[in-house]
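Visitor: Need coordinates for the below:
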Amino acid sequence: MKKWGFLLLLAVGMGITIADRLETFKDSIEIKHIEPDYRLDEGTHLVGIGDELVYQGNLLLVNKEHPVHEESIKSDVVNLMENKELTEGYGLLDSEIYLSEEVAYEFSKLVNAAEDEGVRYFSVNSGFRDFNEQNVLYQQMGASLALPAGHSEHNLGLSLDVGSTQMKMSDAPEGKWIEKNAWKYGFILRYPKDKTHITGIQYEPWHIRYVGLPHSAIIEEKDFALEEYIDYLRKEKNISAIVNGQEYTITFYPIETSSAIKVSKNSVYEISGNNIDGVIVTELKS
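Guide: Okay, the predicted model is just below:
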């Protein structure tokens, strides 16, 4: 359930798009556990939450154990070929590639930053797939190379397969740049080489997933797979993170014990389910 609005996009964008700050970006990440404080005061208020929010948002964990729900699919999925303003700087494998408009916007920022560093031969080979398309792919490629319908991140609209027009992604400068820098723009390499025992999926240097800041920065800093990050938030309950001067608090609320969340009045915040048992509230502190 989207709560950031344009204000957060602007604030985060200002924090990560200045080229001379990117090299020191990771050095400015500070993460710490904080004890949850659910008491209300004059500066806070309660926002009601429902069970459906567990299955909505940018932090949903989708894998063989946790399937996509109908309400999990991003509502802003668009045909990239028909939205030229979202595809400047990279090519499309064909005319039927779909993606969340929000994710496409963030990916455009990533591509522009890479081009500034001389890395410019990106293509998007796949984006959102409906269940029927995923099922056909699964039947064609088999379980070792594809996930069954309803268990693929591509069914959300949050993931895309990125290629290079020059060579295979594992060897391409585009692949190396993605692996090093994608997290600065809210993306993670979803299936890293050293996490196959956790994800259950082979190394895929082309598959990136949008989770947004500050989550991508924390995942990078702690060398987590998404499965590990979701478990970390469920265990810690409440953490704070300072990412390049922006301070965030991240709180996990188990849905079976929570009917409302506490947020600061007039704050900018986002609510996302984890697709398991609760919601994660990310608040940008002013």
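
Visitor: Tell me the helices and strands packed up against the strand ranked longest in the chain.
Guide: Counting residues, the longest strand found in the chain (DSSP state E) is strand 246-254. Packing partners of strand 246-254 (3 or more Cβ pairs under 8 Å, 6 or more residues apart in numbering; DSSP states H and E): helix 5-16, helix 226-236, strand 238-243, strand 260-264, strand 278-284. Just so you know, the C-beta spots here come from the backbone N, C-alpha and C atoms, and that holds for glycine as well.

Visitor: so where's this protein uncertain?
Guide: Residue ranges of the chain with pLDDT under 70: 1-27, 144.

Visitor: can you map out the strands along it?
Guide: 29-33, 44-48, 77-79, 90-92, 98-100, 122-126, 159-164, 187-189, 207-210, 238-243, 246-254, 260-264, 268-273, 278-284.

Visitor: Show me the beta-bridge partners of residue 122.
Guide: For residue 122, the beta-bridge partners are residue 90, residue 164 (DSSP bridges).

Visitor: I figured it hits residue 91, correct?
Guide: Yes - using Cβ atoms under 8 Å, residue 122 is in contact with residue 91, at 7.2 Å.

Visitor: and these two? which has more neighbours close in?
Guide: Between residue 122 and residue 91, counted using other Cβ atoms under 10 Å, residue 122 has the larger neighbour count: 23 against 12.

Visitor: Quick check: phi and psi at the most centrally placed residue in the chain.
Guide: Centrality entry for the chain: nearest residue to the mean C-alpha point is residue 211, 1.5 Å, by Cα atoms, centre = their mean. Note on residue 211: backbone dihedrals following degrees, to the nearest 10 are phi -120, psi -20.

Visitor: How about the contacts made by it?
Guide: 58-59, 158, 186-188, 219, 226 (Cβ atoms under 8 Å, 6 or more residues apart in numbering).

Visitor: For residue 242, the count of nearby residues, please.
Guide: Around residue 242 there are 16 residues (other Cβ under 10 Å).

Visitor: Please tell me how far the closest residue to it other than its chain neighbours sits from residue 241.
Guide: Once flanking residues are discounted, residue 242 sits nearest to residue 30: 4.3 Å by Cβ to Cβ, 6 or more residues apart in numbering. Noted for residue 30: a distance of 7 Å to residue 241, by Cβ to Cβ, to the nearest Å.

Visitor: Compare the two (neighbour count), which wins?
Guide: residue 241 (20 against 11).

Visitor: Just give me how far stretch 38-45 sits from the chain centre.
Guide: 29 Å (Cα atoms, centre = their mean, to the nearest Å).
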